[in-house]
Each structure stands twice: as C-alpha cells, then as structure tokens.
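J.: Sequence and predicted structure are below.
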Amino acid sequence: QAFVSQRAQSQGDEDLHEWKHNWIHQQMMLLEDEFTSKQSFRVAIGTYNVNGRRPVREDGTADDLSAWLRSEAYPEAPDLIVIGFQELDLSREAFVFADTKREEEWDACLQAALPTDATYVKLTSRQLVGMLIMVYIKTDWQDDVLQVDSDAVGCGLMGVLGNKGAVSVSLTIRDTTLCFVASHLAAHDDAIARRNQDFNTICQRLGFDRSKDAIRTIMDHDYLFWLGDLNYRISAPDQDVKRWGVLRHLGSLLKHDQLAEQRRRGLAFLHFEEGTITFPPTYKYDLGTSMFDTSEKMRAPAYTDRILYYTFPERTSSLIEVDCLEYTSAHDITISDHKPVRAVFDIAIAVVDADKYKDTNLRIIRKLDAMENSAMPVTEIDQHQLDFGAVRYRHKKQQTIVLSNLGQVPARFFFSTEHLTENCLPDWLHVEPREGLLISGDSVKLKFTLNLTLQDAALLNNGQDSLSVIVVLKIDNGKDYFLTVSGCFTPTFLCRTLYDMVFMDKPAREYPLEPLERQGLGMQLPKEIWLMADYLFQHQGLNASLFSAPGSSEEIEAVLDSLDTSLTFPEDVSVDAVASALYITLNSLAEPVIPFSAYQRCLDCAHNRMLANQVIAELPVVSSTTFIYLVALLREVVASAGSKRHDIIHTLAAIFAPVILKPPSPDRSQQIQGSRVHGDVSRTVDTGYGHLAEASMKASRFLGSFLESVEEEV
C-alpha cells in the first residue's frame, strides 16, 4: 500500500528512517483492532435558540433548565455534555465585541441544571456574535482529554458577518477525536439554497490546529456531531402546517421537511443521520407559552432546531460506534419562541493495550525490513510540463502529476526548493503532498494548485512577476525530475492602486502586463467603481436591502469579466451581483481607499468628526474623491431605510470599514509597489495599538460618522 506523508515539519532533508517510521504508523492504524479495545462513552447534546432572552425570571430567579439537560429515560449522567445556543445576544454591540456577559448568565443556569449524580467541569466554550458552544465533561474523564481546540465561521451579511455561521469545538479524548459544530443557518421559508450554501461554507472554512502545516478539518475526526438552528422549514401551505402542528400529525409535517429533502437530494448534510423525531415542531411559539405563533405574522411551525451525526462512508473501523438513545425536545421550557432540543448518544472511546501494540508494531517492522533490498528505486511520472493556460485572479486551477513506483523497494519522494529564491515555492503555487513514501507497485497523485493572492495579481498586472517556475521532484537514491509549471496571467482592473486605475481609460484586458503609463491628469475616480455605483443608481438598487446578501457567484464573475473586457455589464444582471462586485473591487485594491499611511490617524479621530474630515481632506486626491463618492453612495442606502436608518448605518459601517480602512502590513517592504506616502498624511502606525476588536470598532465608528447625516454636504 502507498504511504503519503503529511508535510514535513522541518525544511531540511529527512532521513529514510523517519519515513519508515511514518509508514509503520499508517500500517498500525490499519490494524488497530488487534491492539485497541473500546470503552463506552455517553454524550448528551443540546441546542437552543434563545431569541436574545436571558435565563432570569421577573422575580430575579434563574430559569430551571433541568427538563432540558436531564433525561428521565436515560438518567445515567452523561460523560460529556455539549450545549449550543443561537441568538444569545441580538444587540448591536454583539457584532463588534468578541463576547458579552450573556455566556456567564447561561453558564450559571446550565451548571445548576446539570445531572446531580456526577461532578462536571466546564472544558471550553466558543462564541461568535449570538452563537455559543459550551462543553462540560465529567471530572472522571478530565485527565483523559489530550487536546482542545475551537474555531468559528461567519457567513451572515455579505457572507462574512457572524449573525449567521457556526462555532465548533474539536476534542481528543484518549485515542479518539470528536468534533461538534453548532450553527445558525440562513432564515426564511424560501432560503433553502442559502441554507445549503451556509452549510457548505462552514464545512470548507472550519479548521483546527492552524499552527501546523496541515489544518485539521471537521471531517478529520472519528466522530462529528452537528447541532443548532438549521432553519429548515416545512414546504407545505401555511394553513396545512399549522393544522398538522396543532393536531400533532408529525408524519405529515416530516413528509414535507426541507432538511430531509435536501439530505435525500445530496444538496446538504450528505451522509448525516438523525434520530427519529417524535416531538412537535420546535418553532415558532408565543413567548412564555407552548402555543404556536398567534402574532400578526402567524409564522408556520417548523423543525428548525436539529441534532445530527455524520456517518463516514469510507470508514470500516469497528472502533467507531454511534447509538442515538434519545432525541427529544423540552416542550415545557418557554423562555424563547423556540423549544430546546436534546439528544443522547452512546459512542466508543478507543483504549490501547500497550503489550498488544508492541507485538503488532514488531510484526510490521519485520514486514518492512523484508521488503527492502539494495536495489535503487525505479519510478516514473506521467508528464513533465504543467501548462495552466489562462490564469485569472480569484479563479483557482488544479492539475495533477502521477508518480509511480515500478521498482521492488520503497521510494521516498520530496520536492526540492534549494534552487529557488528564498528557498520556497512562489506564493501562487501549492503542491501536495510535498513528501511521501511509495511502496512497490503503488502510485500517488501530486496535486498542483495555482491560486493567486492579491499581492501576486498586483505584481503580475505590472509585469513585475510571471507565472513560470521549475519544480524539482527528487527521489531518494533515485532520479530527479525537473517539472515546468507555467501559466498566462489575464490582466484585470482588480488588484491595482487607485492611482493606477484613474489613468486606465480602456478595459483592463487591453493593457499589456507592464507598468502603467500615466499620461495626462487622469480621472478623478476609477471608471470601474463609477460604473458599478452608477448602475446601482440607475436600477433603483440603492435601498435598505442592498448589501444584505451577496449575488450569485456566476453573476458576480460575469460582472467583473465584463468590466475587464468591455467596461459594460451583462444584460439584466442583478443589483446584488453588481453590489457584490463593487465590494470585491474595494477589497481587492492593492492599497485600500484610505491609504495605509492614514490608518492610525483615522482610528485616533474616530470620535471627532471635525478631525475625521480633516484627515480625508489631506488624503491624495484620488483617495479622498473615491472615499467621498462611496460615502455618498452609502448615504443613499441609509436615506431609504426610514426608521431603521441607525441599524443600516451600523451594518454598512461593519461591512465596509474593513475594506476601506485596512491596517498596514507589519513589514511595509512587503506592500505592493505603487503604494506611496503622500505629504502630511504619513504617520507612524502604533504597532501596539491593542486588541483587534477595538481597532475594528473604531474603524466602523470612523466610517459610520460619515453616514450619520444624509443631508450634510460630503
């Protein structure tokens, strides 16, 4: 069997002894049943959308959550308890600050409701805006926890803010890894595709052990549980859904359940399983009651709150067992307009027998020794050149080379970078695996991924770099392969400075890949930015819902491509796609609208509008003009918001401040050539400024101050 190593921790040459060790470890994993036994482990999982409510009654006493956390059917205290909350905090401050006092309140309430026949310790927690995951473990198991990690992903407004998304925890208990994902997906009955998109985004972006070269994904665990307000509804007429809910016709409700349908079609939660639903819908109820919504909106009931577990289709290990003992809701808890849900699982934790492990290990070592002899490795590759053709910014491309071991001995391979500048591959090229060991008769696919960063594209636009490199694939004690990797960069208006863009009077594709010739005075504003803003003006796109959701990926790419090729727009393109393209353009500038040199001054005067105006006035003309134009555009959006204008100001500032006002790179020498210091605007950035959240809040406040008055002259 082939063994392909993880990327080596050291940049130096590893001897064959270490690669043998890695292969032996892989073989041991295949034979783990011979030296590993199982120990039963009970996990209780709960999820609750609390609708911003606090667990405190009017008389000041805490709400009793024991009906949620304690199972009458399975009274034995669980070994691990995982709780996920959604809409913990609906305040504006929750978008800015990393956490609030709400966690402490709910933690105290949970601690009081935990099973009384065992002692628990809070192991970890992770919060993102209104989403919170908390993990409690029996003290009997505390010393068996070898690793704890967490991560969070926001996929709310514009696909980045944390009002929707997920928080996750990764645990290693003895020799078993567990992952818990607590999510809050897109709302509304008809937003099925957006919920599916949120699910896929979370799967792709969550990761652990980020300090290492190989990030552990949620799928790189023995067990994976997913909980939360998934927001899938019942696809049937509201009157039927309400009648079925009142009459407890669960079969009729579940027959039209959106989540079940998406799972059947393989569009979301593929290979996930769920316990049998025997409880009424968990949403939506009148506050303080168990009566379905009687408000003016009369929301139809739905099973929005779910707990699922993943079944790995390619795993055959008998050590992995999941038994869902209970799946129910705490119907009598009436704090929120949702009902809390609980599931109880029995799983198996691996326990290694040291003596049996040693015996198996010795047998595998003898097997490897028997395979080795003095012959040289005999290998071949299926191609020596990789031509990626036309390469565009934001478009990742992949190709593979197959390396085969035709000889009788293991062949260790690795990529050498000694001949390259800075002894490493260019940033735009990633190769995996970088190193590995091939047993006789096996082969491995070497995946080459070409993916341009903003810095890469900026240099390529100006002809300061090229997509061409010789990669050396070495075989230990064998031959070297010299692989040519190349591509042809497609010019784009993205990843340029504003100063360059105002001198571009024709589509970007018509410019050669060389430094731009700046002739004449140039325009006051980049043409592409003006065209997108004008499109939004002309198509009544400047309303309060603008920038609330991204356009489709296909439409966005079509807009950017049309601007690159003809400075026009595709026919009947949506305003959401144009708005998203504008956002991407601003985020892709080689230097942001407000130059790096003015960043600290903007933060310092975030509370003083007069000083803020002065900073903008002192910017280079193209920077100040572009900023003023964007502010005017956003003010039109604010003006259409009516009574919700303050909420819109807060949202727009949170979305656009991070792209208009970016902190400078710690190493200014790494910034794009063409960025420059302009007169009095230059000022040293305070590298000890403080917590990132505080800087982000000041940046939002700075931009928000310009949006406050829609009547004021810009």
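T.: Nice, thanks for sending it over.
J.: For the stretch 151-300 of the chain, which segments are assigned as strands?
T.: For the stretch 151-300 of the chain, the strands defined by DSSP state E, counting those that start in this stretch cover 165-173, 176-184, 223-229, 272-274.
J.: Just give the nearest non-adjacent residue to the residue most central in space within the chain, would you?
T.: The structure's the chain has its C-alpha centroid closest to Arg205; by C-alpha atoms, centre = their mean the separation is 2.9 Å. Leaving aside its chain neighbours, Arg205 sits nearest to Val153 (4.5 Å; criterion: C-beta to C-beta, 6 or more residues apart in numbering). Backbone N, C-alpha and C define where each C-beta goes, glycine included.
J.: Next: Lys506.
T.: With C-beta to C-beta, 6+ apart, the residue lying closest to Lys506 is Leu567, at 7.6 Å.
J.: That neighbour: neighbour count?
T.: Leu567 has 16 neighbouring residues, counting by other C-beta atoms under 10 Å.
J.: Report the contact partners of it.
T.: Lys506, Pro507, Lys527, Glu528, Leu531 (C-beta atoms under 8 Å, 6 or more residues apart in numbering).
J.: Over to Arg102?
T.: Arg54, Leu88, Asp89, Leu132.
J.: Which residues does Glu435 form beta bridges with?
T.: Counting by DSSP bridges, Glu435 is bridged to Phe414.
J.: hang on, it packs against Phe413?
T.: Yes - using C-beta atoms under 8 Å, Glu435 is in contact with Phe413, at 6.8 Å.
J.: quick one, which of those two is more surrounded?
T.: Higher neighbour count among Glu435 and Phe413: Phe413, with 26 against 19, using other C-beta under 10 Å.
J.: Need the nearest residue in space to the more buried one, chain neighbours excluded.
T.: Ile475 (5.4 Å).
J.: again, but for Asn405
T.: With C-beta to C-beta, 6+ apart, the residue lying closest to Asn405 is Leu438, at 3.9 Å.
J.: So, low pLDDT: which residues of the stretch 351-500 of the chain?
T.: Scanning the stretch 351-500 of the chain for pLDDT under 70 picks out the ranges 371-375.
J.: Sorry, wrong one. I was asking about the stretch 501-650 of the chain.
T.: 541.
J.: all helices of it, in order?
T.: 527-538, 553-566, 575-587, 599-604, 609-617, 621-639, 645-660 (DSSP state H, counting those that start in this stretch).
J.: what do you get for the stretch 101-250 of the chain?
T.: So, for the stretch 101-250 of the chain - with DSSP H, counting those that start in this stretch - the helices run 102-113, 192-205, 238-247, 250-255.
J.: Mean neighbour count, these: which tops it?
T.: Stretch with highest mean neighbour count among these: helix 192-205 (a mean of 19; mean count of other C-beta atoms under 10 Å).
J.: which helices and strands sit right next to that one?
T.: Judged by 3 or more C-beta pairs under 8 Å, 6 or more residues apart in numbering; DSSP states H and E, the packing partners of helix 192-205 are strand 145-154, strand 165-173, strand 176-184, helix 258-265.
J.: and the ones you listed as JSON lines, adding distance to Leu65, mean neighbour count and mean pLDDT?
T.: Shown next, in JSON lines, are these (distance: least, C-beta to C-beta, whole Å; neighbours: other C-beta atoms under 10 Å; pLDDT from 0 to 100):
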{"stretch": "strand 145-154", "distance to Leu65": "23", "mean neighbour count": "18", "mean pLDDT": "95"}
{"stretch": "strand 165-173", "distance to Leu65": "20", "mean neighbour count": "25", "mean pLDDT": "96"}
{"stretch": "strand 176-184", "distance to Leu65": "17", "mean neighbour count": "25", "mean pLDDT": "97"}
{"stretch": "helix 258-265", "distance to Leu65": "25", "mean neighbour count": "17", "mean pLDDT": "97"}
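J.: how about those in JSON lines, adding distance to Thr282?
T.: JSON lines is the format used below for the helices and strands packed on helix 192-205 (distance: least, C-beta to C-beta, whole Å):
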{"stretch": "strand 145-154", "distance to Thr282": "23"}
{"stretch": "strand 165-173", "distance to Thr282": "19"}
{"stretch": "strand 176-184", "distance to Thr282": "14"}
{"stretch": "helix 258-265", "distance to Thr282": "12"}
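J.: Nothing else from me, thank you.
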